[in-house]
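S.K.: What shape does this take:
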Amino acid sequence: MKKIFLIVILILVCVASIGGFKHDQDIKTKVSDKIMPEPKKVAAKVMSKSETELRSSMRTLWESRATLLRAYIVSEMNDSRDTDDAKDKLLKNARDLGASIQPYYGYFARNILTGFLKNDVLLTVKVIKSAKLGNKVDLDWNKDNWYSNAFLLAGFFAITHNQTKEDLKDMLYKHLDLTMGEIEAILKKDENKDLDYYERDRDHMVMFSDVLVDGLIKQFPNRFKE
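M.R.: Numbers count the residues shown, from 1 in each chain. Model prediction:
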């Protein structure tokens, strides 16, 4: 029953998202240029051991994604011999992130998340290659698909983690904006901007991880009492 429920929900998300994404693209402004709302101040609470362990492990995975992504971008942009190895590590990270939610949402949800994250990697490859060639038509097309995948991923996370889809979409778009900043800075050989975009993206991924964990704990509070 859980598998059937997830399949039905995913189909509904994808159908609704296709129309929503087109409308969103028409009015989309660059998320990195927007002022993100300040997080609400809440009283500090003592975290249980299980919550601390989950938060730490998830932060490690999402922060690693930003670091591995940068390593791949640098390798691809410089036609390095280790490009394939860098991409394989990024794809392994996608599998690890998928596996991280299996204890809570099952094998089917794991495969869905892994698929979205692998697709993000493959689309990043296309964005980099078209940016290197200076092919604006291909670049715009690949970027649209890139953001579309993020839009659908936001819908998936909104279902499984009880988060607002709009907020998740903005956070994922910001991640892509920062990644694009890295790519453009490397093309311009601007090392300072390149590093700045990377450090901001790494911090952003840690924040994104915390948001997902907050939603997961909210959904399964009894699993994090000890």
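S.K.: drop to CA atoms for contacts and neighbour counts, all remaining ones
M.R.: Will do.
S.K.: I'd like the mean pLDDT over the lengthiest helix in the chain, please.
M.R.: Ranked by residue count and defined by DSSP state H, the top helix of the chain is helix 102-133. The pLDDT scores in helix 102-133 average 95.
S.K.: Now it: buried residues?
M.R.: The neighbour-count check on helix 102-133 (16 or more other Cα atoms under 10 Å) flags 105, 108-121, 123-132 as buried.
S.K.: For it, name the packing helices and strands.
M.R.: Counting contacts by 3 or more Cα pairs under 8 Å, 6 or more residues apart in numbering; DSSP states H and E, helix 102-133 packs against helix 2-27, helix 49-77, helix 83-100, helix 136-161, helix 165-187.
S.K.: How far off centre is the longest one?
M.R.: Distance of helix 49-77 from the chain centroid (Cα atoms, centre = their mean, to the nearest Å) equals 11 Å.
S.K.: list the helices and strands it packs on?
M.R.: Counting by 3+ Cα pairs under 8 Å, 6+ apart, helix 49-77 packs on helix 83-100, helix 102-133, helix 165-187, helix 191-219.
S.K.: Tell me the buried residues in it?
M.R.: Residues of helix 49-77 classed as buried: 51, 54-55, 58-59, 61-77 (neighbour count, 16+ other Cα under 10 Å).
S.K.: for stretch 146-165, same thing?
M.R.: 146-158, 160-161, 163, 165.
S.K.: Over to stretch 166-181?
M.R.: 168-181.
S.K.: and residue 123, what is it in contact with?
M.R.: By Cα atoms under 8 Å, 6 or more residues apart in numbering, residue 123 lies in contact with 142-143, 145-146.
S.K.: ok, residue 136 - how many residues close by?
M.R.: By the criterion of other Cα atoms under 10 Å, residue 136 has 11 neighbours.
S.K.: And for residue 91?
M.R.: When neighbours are defined as other Cα under 10 Å, residue 91 has 23 of them.
S.K.: If we ignore the residues flanking it in sequence, what's nearest the residue nearest the centre of the chain?
M.R.: With distances taken as Cα atoms, centre = their mean, the chain has residue 172 as the residue nearest its mean C-alpha position (5.3 Å). Counting by Cα to Cα, 6 or more residues apart in numbering, residue 172 lies nearest to residue 150, which is 6.1 Å off, once chain neighbours are set aside.
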